[in-house]
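A.B. asks: Predicted model and sequence follow; I will ask about them next.
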Amino acid sequence: MAAPPALWPRLGRAALVSLGIALVLALALLAGICIGETAIPPATVLRTLANKLFGAAYEIDRIDQGIVWNYRLTRAILAACCGAGLAVSGVVLQALLRNALADPYLLGISAGASTGAVLVTVVGIGAGAVSLSAGALAGALTAFLLVAVLARAAGGGAGPRGAGQIVLAGIAGSQLFNALTAFLITRSASAEQARGIMFWLLGNLSGVRWDDTARAVPVALAVTLVCLWHARALDAFTFGADSAASLGVPVRRVQATLILCAATATAVMVSIVGAIGFVGLVIPHAARFLVGVRHGRLLPAAALIGAVFLIAADVLSRTLVPGQVLPIGVITALVGAPVFALILIRARPAR
C-alpha cells in the first residue's frame, strides 16, 4: 500500500538527511585515510578498496596498499566508532542526569574502565577467562555505581545542587581510579609495559587491527540503535524522572538499560584505544546547537559529529608534530577544555 501523501515530505526529508549523513561520514573516512605523514591520493585509496572488497585487479604499489588497508582504514573506522559511541554516551548521561556537564570521562566511567582493563592485562585477574572488554565494563560499572552512591551520600538530588554534586563525585571517582591504575602499573608492570600503557591511557590508535574494529563496529551500532529506540523516553527524562514516570516510561528499566549502554560503549572503546576525554561532553552540545533537543534527531547527529570529530583529531595527532604521533586524547583535550570552560560560564546562574 502506498504511503499517505502527507508522509511523502517527511519521508523525503528523512531520505535526504540519511544520504547526507552517509556522504559526510564517507568523506571523513576518505580524508582520514588520505591525509597523513605520507599523503596518499584518493584514487589509490579507492582502487585499494576495490581490490580488497570486490576482487578488482588494479595495479597499486604494495606499500601504499598496505598502509591504506592495514593501517589507515582501520584507524579511521575505529576513530569513527569511538567518536560515535562516546558522543551517544554523553547524550544519554546528560539526559538521564539532567546535567550539561555529564560525560563518561568526567563521571569517572572512563577511569574505571581503564582500571578494569589494566587489572586484566597487567595483574592477570581472571587468568585469561575474562576478556579485556569485560574487565573494562566491570570497571566502568563499578566506577559509575561508586559515583552515584557518593553523590547521593553528599545530598545530591534534583536541581542545580544535585547536578553539581554528581560532577564533583565524578571528579573524585576519576582521581581515585586513575590513582589505582597508576599504582597497579607501577607495582605489576615492567618498564616497557608501563611506557606502553601510559601512552595508551592518553588515547592511542596506533597498532589497531581489523579484530579491534570487529569489536568496535557492532558495539557502536548496537548502542546507538538501542538509545534511538528509547529516544522518546529520553525526551521525557528531560523534565525529570517523575515526569517521565507520569508519561508511562518504566523509569528504572530504562535508566538501567541506557546506563548499561553508555558504560558498555565507553568500556569497549577504552579497552581498545584508552581513555579519550571530552568527546562525550563537547559533541552533544554541538549537536543540540545544530538539530535541537529532540533525541530522535539529536542521537544520530551526535553519533555522526562524534565520528567526524575523532577522525579529524586522529589526523591531527599524526600530522601536528612531524615524525611523531601524539596521543589522540591530547587533541581532544585541547578542544574540549576550552569548550568545558564556556559551558561552565554559560551555566552560571543569573544575578
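C.D. replies: Yes, it's here.

A.B. asks: Could you pull up phi and psi at L202?
C.D. replies: Per-residue torsions, L202: phi -90, psi 0 (degrees, to the nearest 10).

A.B. asks: Touching, L202 and G274? I think so.
C.D. replies: Yes - between L202 and G274 there is a contact at 6.3 Å, judged by Cβ atoms under 8 Å. For glycine as for every other residue, the C-beta is placed from the backbone atoms N, C-alpha and C.

A.B. asks: shared neighbours, these two?
C.D. replies: Overlap of the contact sets of L202 and G274 (by Cβ atoms under 8 Å, 6 or more residues apart in numbering) consists of P327, G329.

A.B. asks: Run through the stretch 101-250 of the chain and note the low-pLDDT ranges.
C.D. replies: 123, 125-130, 154-164, 189 (pLDDT under 70).

A.B. asks: now with 80?
C.D. replies: Residues of the stretch 101-250 of the chain that meet the criterion pLDDT under 80 lie in 101, 121-133, 151-167, 188-201, 207.

A.B. asks: quick one on the thing from earlier: comparing L202 and G274, which residue is more hemmed in?
C.D. replies: The residue with more neighbours, out of L202 and G274, is G274; 24 against 18, by other Cβ atoms under 10 Å.

A.B. asks: pretty sure that one is touching M198, no?
C.D. replies: No - at 9.6 Å, G274 does not count as touching M198 under the criterion of Cβ under 8 Å.

A.B. asks: show me where pLDDT drops low in the stretch 251-351 of the chain?
C.D. replies: Short version for the stretch 251-351 of the chain, where the test is pLDDT under 80: 323, 336, 339-351.

A.B. asks: Can you name the residues that contact S206?
C.D. replies: Applying Cβ under 8 Å, 6+ apart to S206 gives the contacts V325.

A.B. asks: And the helices in the stretch 1-150 of the chain?
C.D. replies: Along the stretch 1-150 of the chain, counting by DSSP state H, counting those that start in this stretch, helices occupy 7-34, 42-54, 62-66, 73-97, 109-118, 132-153.

A.B. asks: For T224, find the nearest of these.
C.D. replies: Among those, helix 73-97 comes nearest to T224, with 5.3 Å by Cβ to Cβ.

A.B. asks: Which residue, neighbours along the chain excluded, lies closest to A216?
C.D. replies: Closest residue in space to A216, ignoring its immediate chain neighbours: C81 at 4.0 Å, by Cβ to Cβ, 6 or more residues apart in numbering.

A.B. asks: In this structure that neighbour contacts V217, no?
C.D. replies: Yes - assessed by Cβ under 8 Å, C81 is found in contact with V217 at 5.6 Å.

A.B. asks: Looking at those two, which has the bigger crowd around it?
C.D. replies: C81 (30 against 15).

A.B. asks: Let's see the pLDDT reported for the more buried one.
C.D. replies: Model confidence at C81, expressed as pLDDT, equals 94.

A.B. asks: where's the residue nearest in space to the middle of the chain relative to Q255, distance?
C.D. replies: Taking Cα atoms, centre = their mean, the centroid of the chain lies closest to L86, which sits 1.8 Å from it. Using Cβ to Cβ, to the nearest Å, L86 is found at 20 Å from Q255.

A.B. asks: Relative to V219, how far out is the residue nearest to the centre of the chain?
C.D. replies: Taking Cβ to Cβ, one finds L86 at 12 Å from V219.

A.B. asks: Now the common contact residues for the two.
C.D. replies: A265, M269.

A.B. asks: For the stretch 201-350 of the chain, which segments are assigned as helices?
C.D. replies: 210-229, 231-237, 241-246, 251-273, 279-291, 295-319, 328-346.

A.B. asks: Contact partners for the nearest residue in space to the residue nearest to the centre of the chain that is not next to it in sequence?
C.D. replies: Closest residue in space to L86, ignoring its immediate chain neighbours: V279 at 4.1 Å, by Cβ to Cβ, 6+ apart. By Cβ under 8 Å, 6+ apart, the residues touching V279 are C82, G83, L86, A87, G90, D103, Y105, G306, F309, L310, T332, G336.

A.B. asks: now with 6 Å?
C.D. replies: By Cβ atoms under 6 Å, 6 or more residues apart in numbering, the residues touching V279 are G83, L86, A87, G306, T332.

A.B. asks: same check, this time on L93
C.D. replies: Contacts of L93 by Cβ under 6 Å, 6+ apart are A102, A262.

A.B. asks: ditto for L132
C.D. replies: L132 neighbours (Cβ under 6 Å, 6+ apart): A117, V120, S271.

A.B. asks: Neighbour-wise, which one of those leads?
C.D. replies: A117 (30 neighbours).

A.B. asks: dump the residue contacts of it.
C.D. replies: L132, G135, A136, S271.

A.B. asks: If we use 7 Å, what do you get?
C.D. replies: L132, G135, A136, G139, V270, S271 (Cβ atoms under 7 Å, 6 or more residues apart in numbering).

A.B. asks: since we're on the residue nearest to A244 when sequence neighbours are not counted, how many residues are nearby?
C.D. replies: Leaving aside its chain neighbours, A244 sits nearest to A236 (3.9 Å; criterion: Cβ to Cβ, 6+ apart). The number of residues packed near A236 is 22, by other Cβ under 10 Å.

A.B. asks: my read: A236 touches A245, true?
C.D. replies: No - A236 is not in contact with A245 according to Cβ atoms under 7 Å; the separation is 8.6 Å.
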